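J.: Okay, here's the prediction I keep looking at, along with the sequence it came from:
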Amino acid sequence: MGQIKTCAKCNQSKKVTDFYSNKSMPMGVKAACKSCTKDADKRYRQKWYNKNKKKHYADVLRSQKERKAEVNALVDKHLVGKCCRLCHKSDKRLIAKYNGDSIKKIFKIEEVKRALLDADIICLSCVLQLGWDKRRKKKISGGEMASTG
Ligand SMILES: [Zn+2]
Ligand SMILES: [Zn+2]
């Protein structure tokens, strides 16, 4: 109690309670204080992180790609043999929509499955006719205005 020990790293005199215990050491605590130990841990983790960053990002990217492919496959499978809700044609490129947005944009598999149960299946020409792709349309008309004006 109340014992003072000098940290081997920062050379500051601190209470023994500021050191992590280590039974094999003379005072029953580590040579470096808690904050020095924490710093060392942090540096070690940072070093490890830097070393593994590239690999980590590659892994994340790959799993994202895989999930995207899984979503696409799920939606495509659902669209097989279906026809457009509006023109009833099945030879056009079909899009599964949910709340007005393509289900393929949903990232979570569980949400995709749920959305497919309630999907609006519509072909690309009907989508364009309806102007569901409003954002894209706006962009095109805006561009035209800019070139004429
Ligand atoms: Zn220290
Ligand atoms: Zn259609």
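T.: Sure thing, it's come through. Numbers count the residues shown, from 1 in each chain. Ligands and ions are numbered 1, 2, ... in the order given.
J.: pLDDT score for the closest residue in space to Lys34 that isn't next to it in sequence?
T.: Leaving out its chain neighbours, the residue that sits closest to Lys34 by Cβ to Cβ, 6 or more residues apart in numbering is Asp18, at 5.4 Å. Placement of C-beta: from N, CA and C, glycine included. In this model, Asp18 is scored at 96, pLDDT.
J.: phi, psi of Asp18?
T.: According to degrees, to the nearest 10, the main-chain angles of Asp18 amount to phi -90, psi 10.
J.: Equivalent analysis for Ala8, please.
T.: phi -70, psi -20.
J.: Ala31 is in contact with that one, correct?
T.: Yes. In this structure, Ala8 is within contact of Ala31 by Cβ atoms under 8 Å, at 3.9 Å.
J.: More neighbours: which of these two?
T.: Between Ala8 and Ala31, counting by other Cβ atoms under 10 Å, Ala31 is the more crowded of the two (16 against 12).
J.: Name the helix or strand for the more buried one, please.
T.: strand 29-33 (DSSP states H and E).
J.: Same question for Ile121.
T.: Following DSSP H and E, one finds Ile121 within strand 120-123.
J.: any idea of the mean pLDDT for that strand?
T.: What strand 120-123 shows for mean pLDDT is 94.
J.: Then stretch 28-43?
T.: Here stretch 28-43 scores 95 as its mean pLDDT.
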